[in-house]
Each structure stands twice: as structure tokens, then as C-alpha cells.
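Any chance you could fold what I've pasted below:
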Amino acid sequence: MRIATEQLADIRGGLMVEELTESLAEVVNAVITTGKKGAVQLKLDINPASKGDAVVTVTDEIKKTVPQEKRTGTLMFATPSGSLQRQDPRQTDLPLVSTSATMPTLQSTPTESPSLRVVGGN
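I've put the predicted structure just below:
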């Protein structure tokens, strides 16, 4: 009796084993990255070519469950028409005020220290 892995290598001329290997690697890497569970399933359907004949058709199906990273949400606002937008449609725009008209002019600070005065002395 031939070993199962040798028989699997013959399915689709070896393409099934290549696809299975790639799927397994993808799921293993995603499990390591996400820390979540994944799965790979190999299903083989074996159908007779005709009753009593030794010829069969083997059809494979590879299914994989790749864990996904959690995606962050985007805060958006709904408009009355049902559209989404990033700005709150209820928020009115505030007029901008020029800062040069409202800012007082700063005076420079003296570079010399003021002279000291003695109080109560002659």
C-alpha cells in the first residue's frame, strides 16, 4: 500500500499539494500575527468512473479560515439624505478672526537691571 502523502502528491499533478502548502503557510502566519485561531481543511471526493471499474476520479477542495486583524472604525456623521461625512452637519462654521488685529504689541524687556535705591538713607 502506498503512503497517503505520496498519493496526495499525485493529485492534479502536484498542484493540490502546492496549494495546500501555500494555504497552510498563510494561515499559520496569520495565526502568529493576530493571536487568533485559523483552520485549513482538505476535502477529497472520490467518484467511480463506472460501477465495478478500478478507475476513480479524485476531486479536491481546500478551504482556509484566515484570522483577520481587527480593523479600527472611522467616526462619521449621517446627513439627513443618508450620506456619510467626516464633519458633523449640525456644526456651524465659525468665522475666523485675524490674530494681528486683536493681539497687543509686546514691549521689549530692558536688558539692563534697574539701579537699586537705598530707602531711608542720606
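
mind listing what's buried in the longest helix seen in the chain?
In the chain, taking DSSP state H as the definition, the longest helix is helix 15-34. For helix 15-34, the neighbour count (16 or more other CB atoms under 10 Å) marks Met16, Val17, Leu20, Ser23, Val27, Ala30, Val31 as buried. (C-beta placed from N, C-alpha, C; glycine too.)

Pop out the phi and psi values for the nearest residue in space to the last one that is not next to it in sequence.
So that's Val31. Distances taken as CB to CB, 6 or more residues apart in numbering place Gly38 nearest to Val31, at 4.6 Å, with adjacent residues excluded. Note on Gly38: backbone dihedrals following degrees, to the nearest 10 are phi -130, psi 180.

Val55 versus Gly38, what's the distance?
Remark: distance between Gly38 and Val55 (CB to CB, to the nearest Å) = 36 Å.

so where's this structure shaky on pLDDT?
Within the chain, the segments meeting pLDDT under 70 span 98-115, 121-122.

now the helices: where do they sit in it?
Secondary structure of the chain by DSSP H: the helices cover 4-10, 15-34, 99-102.

CA atoms only for the second one - export them in PDB, please.
Right, helix 15-34. The C-alpha trace of helix 15-34 is given here as PDB (Å, rounded to 0.1, in the frame of the first residue of the first chain):
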ATOM      1  CA  LEU A  15      -0.700  21.300  -7.800                       C
ATOM      2  CA  MET A  16      -3.000  20.400  -4.900                       C
ATOM      3  CA  VAL A  17      -0.100  19.900  -2.600                       C
ATOM      4  CA  GLU A  18       1.400  23.200  -3.600                       C
ATOM      5  CA  GLU A  19      -1.900  25.000  -3.000                       C
ATOM      6  CA  LEU A  20      -2.300  23.200   0.300                       C
ATOM      7  CA  THR A  21       1.200  24.200   1.400                       C
ATOM      8  CA  GLU A  22       0.600  27.900   0.500                       C
ATOM      9  CA  SER A  23      -2.700  27.900   2.300                       C
ATOM     10  CA  LEU A  24      -1.200  26.300   5.400                       C
ATOM     11  CA  ALA A  25       1.700  28.800   5.500                       C
ATOM     12  CA  GLU A  26      -0.800  31.800   5.100                       C
ATOM     13  CA  VAL A  27      -3.000  30.600   7.900                       C
ATOM     14  CA  VAL A  28       0.000  29.800  10.200                       C
ATOM     15  CA  ASN A  29       1.500  33.300   9.600                       C
ATOM     16  CA  ALA A  30      -1.900  35.000  10.300                       C
ATOM     17  CA  VAL A  31      -2.400  33.000  13.500                       C
ATOM     18  CA  ILE A  32       1.000  34.100  14.700                       C
ATOM     19  CA  THR A  33       0.400  37.700  13.700                       C
ATOM     20  CA  THR A  34      -3.200  38.000  15.100                       C
END
